[in-house]
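**Q** any chance you could fold what I've pasted below:
(one chain, ligands or ions: 1)
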Amino acid sequence: THTPEKLLVTGGAGFIGTNFVHYWLATYPDTKIVVLDALTYAGRYANLQPLEGQASFRFVHGDILDQPLVETLLREETIDTIVHFAAESHVDRSIYGPDAFLRTNIDGTHSLLKAAKKVWLEEQPGFAHRFHHVSTDEVYGTLSPTDPAFTETTPYAPNSPYAASKASSDHIVRAYQHTYGLQTSTSNCSNNYGPYQYPEKLIPLAISNLLQGKAVPIYGDGQQVRDWLYVDDHNRGIDLIIRTGCIGETYNIGGNNEQANLSLIHELCALLDARFPDSPHVPHNQHITYVKDRPGHDRRYAIDNSKICRELGYEPAETFQSGLAKTLDWYLSHPDFWQGDIKLFGSHGGNA
Ligand code: NAD
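**A** Numbering: from 1, shown residues only. Predicted coordinates:
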């Protein structure tokens, strides 16, 4: 077991990172989090502003590729745990511009590993540490409707530049554990949804479009299946892995909740109809517009989460219905988050 006291959270101003920081400090108020984030289009300092001034929180605006900066932070804050979220994360953007994905996701992860190796292994041998790498189920490729779900031993077969860059980073993390003895762990998680998700992704895009009376763009036939997990259920899984997971292991995290994109949108429409029976912008199922499918679009992802459930006692807390209702409530009470300057990419927000 490992007891994190001082954490460096990379990408902590993004969607999952923000939720992680709030979850962690609410759960472990006596620990300290240093967030390192480059504040790309996907990162928002405002997400973390309520924590400003607290002794348990520090924000550093910087790039994970800045190895001297990371080394300084590890030393000066005596960081014992890195939770690595920072990434370029949007599949559509990776299709049209893979360079940033290879730079941040591959070189950036490597740069962090080099800093961790130098400070933790070379300068402070014996120092208890943990490097947790947050990855995706997209590294496993695509499934047919009858294939069994992805397990930790499913061969890697990434299809998009995003997935390939994440797959690469997983392998580099693995190599640093095997070769140098860095104490690492990796989680491969299915599609997340919840508060603070940038409105280019499917669920927040659909919520903001429907609330504004606009159609929701759907790729192809809308039958792409994703295994949706509420973001805090992902973060509780990461928490378990950091504290009780085995060094060098990978864990799949998922919610046993497969949904086709089209039925997900129908469910969201039904939820909105129930909330706003008399509203002029009541969403209806005709508020869907079909757009040309994404090139190389994976058909189905599904996670077998039995390893983390069996070995670490993991269990998702939310059902899809409860998680979706919480998410909708959050977007309804935070219109500033999705009504501002949103930079959408291409014709549709995509899935991942
Ligand atoms: P996001 O795009 O919302 O946030 C990424 C954050 O990283 C942003 O705050 C951004 O400013 C920061 N960042 C980007 N490049 C950086 C750099 N070079 N240096 C420092 N910071 C940088 O992403 P997300 O959806 O929160 O995903 C977080 C992590 O979880 C990613 O590693 C992603 O691959 C993984 N993941 C996401 C999902 C999902 O459904 N969203 C599922 C499984 C795994």
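
**Q** smallest gap between the stretch 1-150 of the chain and the ligand, at which residue?
**A** As assessed by C-beta to the nearest ligand atom, the ligand sits closest to Gly14 within the stretch 1-150 of the chain, at 2.0 Å. C-betas here are computed from N, CA, C, even on glycine.

**Q** what does stretch 33-47 contact?
**A** If you take C-beta atoms under 8 Å, 6 or more residues apart in numbering as the criterion, stretch 33-47 is touched by 6-15, 17-18, 21, 24-25, 48, 56-64, 69-70, 73, 77, 79, 86, 88-90, 196, 198, 343.

**Q** what does the stretch 101-250 of the chain put close to the ligand?
**A** Within the stretch 101-250 of the chain, the positions adjacent to the ligand are 104, 108, 134-136, 166, 189, 191-192, 198 by C-beta under 6 Å from any ligand atom.

**Q** could those residues go into TSV alongside neighbour count, pLDDT and secondary structure?
**A** As requested, these are exported to TSV (neighbours: other C-beta atoms under 10 Å; pLDDT from 0 to 100; DSSP: H, G, I helix; E, B strand; the rest coil):
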residue	neighbour count	pLDDT	secondary structure
Thr104	24	98	helix
Gly108	28	98	helix
Val134	26	98	strand
Ser135	23	98	strand
Thr136	23	98	strand
Lys166	28	98	helix
Cys189	26	98	strand
Asn191	23	95	coil
Asn192	24	97	strand
Tyr198	21	89	coil
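
**Q** how about those residues, which pair is most distant?
**A** Gly108 and Asn191 (22.2 Å; C-beta to C-beta).

**Q** tell me the buried residues in stretch 242-259?
**A** Of the residues in stretch 242-259, those buried by neighbour count under the rule 16 or more other C-beta atoms under 10 Å are 242, 245, 248-259.

**Q** SS state for the nearest residue to Pro316 once chain neighbours are set aside?
**A** Using C-beta to C-beta, 6 or more residues apart in numbering and skipping the chain neighbours, the partner closest in space to Pro316 is Asp233 (4.1 Å). What DSSP: H, G, I helix; E, B strand; the rest coil gives for Asp233 is helix.

**Q** got the phi/psi numbers for the residue minimising distance to the centre of the chain?
**A** The chain has Ile16 as the residue nearest its centroid, 4.6 Å off, counting by C-alpha atoms, centre = their mean. Geometry field for Ile16 lists phi and psi as phi -70, psi -40, criterion degrees, to the nearest 10.

**Q** OK, contacts around it?
**A** Neighbouring residues of Ile16 by C-beta under 8 Å, 6+ apart: 85, 134, 192, 231, 234-235.

**Q** which parts of this protein are helices?
**A** Assigned by DSSP state H, the chain shows helices spanning 15-27, 67-76, 91-96, 99-101, 109-116, 161-180, 202-211, 231-244, 261-275, 306-312, 320-333, 335-339.

**Q** could you list every helix and strand in contact with the fourth one?
**A** Read that as helix 99-101. helix 91-96, helix 161-180 (3 or more C-beta pairs under 8 Å, 6 or more residues apart in numbering; DSSP states H and E).

**Q** buried ones in it, by neighbour count?
**A** Neighbour-count burial for helix 99-101 flags 100-101 (criterion: 16+ other C-beta under 10 Å).

**Q** do the first one as well
**A** The neighbour-count criterion (16+ other C-beta under 10 Å) identifies 15-25 as the buried residues of helix 15-27.

**Q** for the third one, same thing?
**A** By neighbour count with 16+ other C-beta under 10 Å, helix 91-96 contains the buried residues 91-95.

**Q** now these in TSV, with distance to the ligand and pLDDT?
**A** Shown next, in TSV, are the buried residues of helix 91-96 (distance: C-beta to the nearest ligand atom, whole Å; pLDDT from 0 to 100):
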residue	distance to the ligand	pLDDT
Val91	10	90
Asp92	12	87
Arg93	9	90
Ser94	11	93
Ile95	15	92
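
**Q** I appreciate the help and will end here.
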